[in-house]
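S.K.: structure here, sequence nowhere to be found:
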């Protein structure tokens, strides 16, 4: 198969569904409950300046992974699609099984 054939076969996962709802917002409750590897996610968000250092400290001061995710979502709700896309990619990088499972539900 040449490259054109492959590009048709490998469809990227769209981050928004038909209604325009972003993946990370649609599966907010599931992601809050199921994401375990949260520290590397927070690190990447800070490195890309999606989270400010003060916000990073706030998220890290929270005890449980679920509450850390809720805190991230508080910040994320004020941000745009680009930041949500990056959050999705970082979640997928550090928690691939969870994201793959949720993508299969779509």
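M.R.: On my side now, so go ahead. Predicted model only: the values in this text are computed from it and were never measured.
S.K.: helix or strand for the spatially most central residue of the chain, which one?
M.R.: Taking C-alpha atoms, centre = their mean, the centroid of the chain lies closest to residue 88, which sits 2.7 Å from it. Assigned by DSSP states H and E, residue 88 belongs to helix 81-94.
S.K.: give me the mean pLDDT for the helix or strand just after that helix.
M.R.: As assigned by DSSP H and E, the chain's next helix or strand after helix 81-94 is helix 96-105. On average, the pLDDT along helix 96-105 is 94.
S.K.: ditto for stretch 54-70
M.R.: The average pLDDT within stretch 54-70 is 95.
S.K.: in it, which residues are buried?
M.R.: By neighbour count on 16 or more other C-beta atoms under 10 Å, the buried set for stretch 54-70 is 55, 56, 58, 59, 65, 66, 68, 69. (Glycine included, C-beta is placed from N, CA and C.)
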